[in-house]
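Chemist: Whatever this is, show me its structure:
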Amino acid sequence: MTAVDAPAVPGGTAAVSPRVPRGRDGLVAAAVLVVLAAAPLFLAPFATTTLARILVFALFAVSLDLLVGVTGLPSLGHAAYFGSGAYAAGWVSINVTAEAPVPLLVGAAVGAVAAALTGWITVRTGGVFFLMLTLAIGETVQQVANTWESVTGGANGLTGVPAVRAGGAPLANAGFVYWYVLAVFVLGFVLVWLVARSPFGAALRGIRDNEPRMRAIGYPTALYKYGVFVIAGGVAGVAGSLLVAQQRLVTPADLGFLTASLALLAVIIGGAGSLWGACLGAALVILIRDALGPGLGGHGTLLLGIVFVLVVYLLPRGAAGLRLRRRSPS
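Modeler: Numbering: from 1, shown residues only. The predicted structure follows:
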């Protein structure tokens, strides 16, 4: 039985600049997209659900890479916007409508607004101060989710989220949910890629490399960082709404430090600044956590730690560094 025939299962360091895909790169991207689109026709429901979770987490990691790799703003609180978008999409699905794209747009809006409210002060710091301030924001938002029981469900989370609907019909099996997640993931990835390779993205990389010089030649660096902070928050909110569509449950853990640190780990493993690398890192993190972890007696986190140490020592540029090393002249 393939995923299309079965019901959905809930729940269940140098930076690299983006390049325009052309020639072989474009063919590889098209081939990967075709394989991903055909996956539910051949995979069992559990494997399809796991692949959908990978796509959700990959979009979240890509939004974080826009801060970490492109702009040079490592954040430990990015899950606040991911979880805020998830809670908003879930609440709207329960109380208003689950018809797409309403929960998706609400999740994006709430993620962007939350980033706008917290980012104006945050982006005016840097280094360790930025890291610790984002961590404090993430922990504060998680505490709000734990205590605001009338809206969030408290420690039990937001349960009973209905299946997302398309054209009036609920997406009631794993394959259809997966295709919905894949379509939104592709749109979100393309949006981030366009931002990263635009003149705005070039200015962000200049800020990453030498902010004082960019400020000296007239760039309003704080405004640029605030803009990308809001964009990243909005994309994280989109990923959060996909999380709700896939698992139909949101808990305070989705806002917390562990979720944020796993996303940062995915970016580092893939190579900061490489959007496809962030997706690869996200796939590795989810596979170890959800597929291999249960078979290791709950020691998936330990394995992730070992992988992280090996990457730091053997692949300081992440998976993207392997590609650059292959392309460099001998």
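Chemist: Run the chain-centre distance for the one helix or strand Val230 maps to.
Modeler: If you go by DSSP states H and E, Val230 is part of helix 221-247. Taking Cα atoms, centre = their mean, to the nearest Å, one finds helix 221-247 lying 8 Å from the centre of the chain it belongs to.
Chemist: Pull out the buried positions in it.
Modeler: For helix 221-247, the neighbour count (16 or more other Cβ atoms under 10 Å) marks 221, 224-247 as buried. Any C-beta I mention is one placed from the backbone N, CA and C, and that applies to glycine too.
Chemist: helices and strands around that helix, which ones?
Modeler: helix 45-65, helix 79-95, helix 102-122, helix 174-197, helix 199-216 (3 or more Cβ pairs under 8 Å, 6 or more residues apart in numbering; DSSP states H and E).
Chemist: Residues in contact with stretch 241-249: which ones?
Modeler: Residues from elsewhere that reach stretch 241-249, judged by Cβ atoms under 8 Å, 6 or more residues apart in numbering: 10-12, 49, 52-53, 55-56, 59, 82, 85-86, 88-90, 93, 103-104, 106-108, 157-164, 171, 177, 180-181, 184-185, 250, 254.
Chemist: Whichever of these end up buried, select them in PyMOL.
Modeler: For the buried members of the contacts of stretch 241-249, the matching PyMOL selection, counting by 16+ other Cβ under 10 Å, is:
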select buried, resi 49+52+53+55+56+59+82+85+86+88+89+90+93+103+104+106+107+108+157+158+161+163+164+171+177+180+181+184+185+250+254
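Chemist: Could I get the pLDDT score of Gly168?
Modeler: In the predicted model, Gly168 carries a pLDDT score of 85.
Chemist: Run the chain-centre distance for the following helix or strand past the helix holding Val230.
Modeler: Counting by DSSP H and E, the element after helix 221-247 in chain order, helix or strand, is helix 257-270. Averaging C-alpha coordinates over helix 257-270 and over its chain gives two centres that are 9 Å apart (Cα atoms, centre = their mean).
Chemist: buried stuff in helix 257-270?
Modeler: Of the residues in helix 257-270, those buried under the neighbour-count criterion (16+ other Cβ under 10 Å) are Thr259, Ala260, Ser261, Leu262, Ala263, Leu264, Leu265, Ala266, Val267, Ile268, Ile269, Gly270.
Chemist: got the angle between it and helix 45-65?
Modeler: What separates the directions of helix 257-270 and helix 45-65 is an angle of 80 degrees, with axes from the mean of the first three to the mean of the last three Cα atoms, to 10 degrees.
Chemist: give me the low-pLDDT residue ranges for the stretch 1-150 of the chain?
Modeler: Low-confidence segments of the stretch 1-150 of the chain, defined by pLDDT under 70, are located at 1-23.
Chemist: can you do 90?
Modeler: Low-confidence segments of the stretch 1-150 of the chain, defined by pLDDT under 90, span residues 1-29, 43, 124-128, 150.
Chemist: Please name the nearest non-neighbouring residue to Leu135.
Modeler: Leu76 (4.1 Å; Cβ to Cβ, 6 or more residues apart in numbering).
Chemist: residue contacts, that neighbour?
Modeler: Leu131, Met132, Thr134, Leu135, Gly138, Phe257, Ala260, Ser261, Leu264.
Chemist: shouldn't Val307 be in contact with Ile269?
Modeler: Yes. Using Cβ atoms under 8 Å, Val307 and Ile269 qualify as a contacting pair, with a distance of 6.9 Å.
Chemist: any residues in contact with both of these two?
Modeler: Common neighbours of Val307 and Ile269 (criterion: Cβ under 8 Å, 6+ apart): Leu284.
Chemist: Many thanks, I have nothing further to ask.
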